[in-house]
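Participant: what's the 3D shape of this:
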Amino acid sequence: MAKIRLAVFDVDGTLTKVESCWRFVHERLGTWKGGGERNAELYFEGKLSYSEWAKRDVLLWKEVPVERIKQIIWEIPYVDGVKEVFDFLRKKGVKIVLLSAGLSLLAEKIAGEIGCDCYVANELEILDGKVTGNVRVHVSLSNKGEVLRELLRRFRVKPDECLAVGDDKTMVPVFQEVAISIAFNPRSSDVERYAKITVKGETLREILPWIISNL
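Facilitator: This next block holds a predicted model:
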């Protein structure tokens, strides 16, 4: 097997104890029952595209100061062991990328506090310090495979030089392409089936033995 040079991590539910930062923000702002929950239902019923869903969601936050959103995002707790895993990978010369269908504000927080080489997530449009109601969708629930291929090109890494860690179905296309795929506390049997390795535990450090044995 080729040497691992790139590690791709899902964010919500993998690096954090919150499964959806979108819903977390809605609940803190009081907009989940005020439209967020219904938007999610329409998406999963196939009545909205992911972009339409995201835009409807963000419209519910129009005129909310971005600092308020950041305060909420900063409340999201990490899964135990994230820093230790990232530090280990960096010492081994492995580049770290966050790949999230959530909000870029959360990825930005992780980049600032723990560190990563790059992140791809969805950006709220901000004007005069407030949410405009628009969002730039870079990652949906179905396109992580395409984004992965862009990342491989950007870092000049082959699929067999890449590992990926995640917990939900959005990571399945990624798992199908990389050399090492780790389902960390998978949310469904589908995720577990497509991963080469499944790890269930309270700390992300429990993936380290599997990473070490493949470096």
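
Participant: how about the contacts made by R205?
Facilitator: D80, G81, E84, V85 (C-beta atoms under 8 Å, 6 or more residues apart in numbering). Any C-beta I mention is one placed from the backbone N, CA and C, and that applies to glycine too.

Participant: roughly how far does it sit from K83?
Facilitator: Applying C-beta to C-beta, to the nearest Å, the value for R205 to K83 is 10 Å.

Participant: what about K144, how many residues nearby?
Facilitator: 27 (other C-beta atoms under 10 Å).

Participant: if we can go back for a sec, common neighbours of R205 and K83, please.
Facilitator: What both R205 and K83 touch, as defined by C-beta under 8 Å, 6+ apart, is an empty set.

Participant: average model confidence for stretch 128-147?
Facilitator: With pLDDT averaged residue by residue, stretch 128-147 scores 95.

Participant: ok, back up a step: for A54, state which of the contacts of R205 is nearest.
Facilitator: Distance to A54, by C-beta to C-beta, is smallest for V85 among the contacts of R205, at 29.1 Å.

Participant: next, the closest one: phi, psi?
Facilitator: Dihedral pair for V85: phi -70, psi -50, per degrees, to the nearest 10.

Participant: that one - how many residues pack around it?
Facilitator: 23.

Participant: before we move on, what about L163?
Facilitator: Neighbour tally, L163, other C-beta under 10 Å: 24.

Participant: confirm that it sits in a strand.
Facilitator: Yes. Counting by DSSP: H, G, I helix; E, B strand; the rest coil, one finds L163 located in a strand.

Participant: which ones are touching it?
Facilitator: Contact analysis of L163 by C-beta under 8 Å, 6+ apart lists I4, L6, A7, V8, V178, A179, I180, S181, I182, I211, N214.

Participant: same for the helix ranked longest in the chain, what does it pack against?
Facilitator: Assignment by DSSP state H gives helix 144-155 as the longest helix of the chain. Helices and strands touching helix 144-155, by 3 or more C-beta pairs under 8 Å, 6 or more residues apart in numbering; DSSP states H and E, are strand 6-9, strand 95-103, strand 118-127, strand 162-166, helix 172-175.

Participant: minimum distance to G145: which of these has it?
Facilitator: With C-beta to C-beta as the measure, helix 172-175 is the member of those nearest G145 (3.0 Å).

Participant: could you dump the helices and strands packed on helix 144-155 into JSON lines and include distance to R28?
Facilitator: Listed next are those as JSON lines, based on distance: least, C-beta to C-beta, whole Å:
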{"stretch": "strand 6-9", "distance to R28": "24"}
{"stretch": "strand 95-103", "distance to R28": "13"}
{"stretch": "strand 118-127", "distance to R28": "15"}
{"stretch": "strand 162-166", "distance to R28": "25"}
{"stretch": "helix 172-175", "distance to R28": "29"}
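
Participant: out of those, flag the one nearest E45.
Facilitator: Per C-beta to C-beta, nearest to E45 of the helices and strands packed on helix 144-155: strand 95-103, 18.2 Å.
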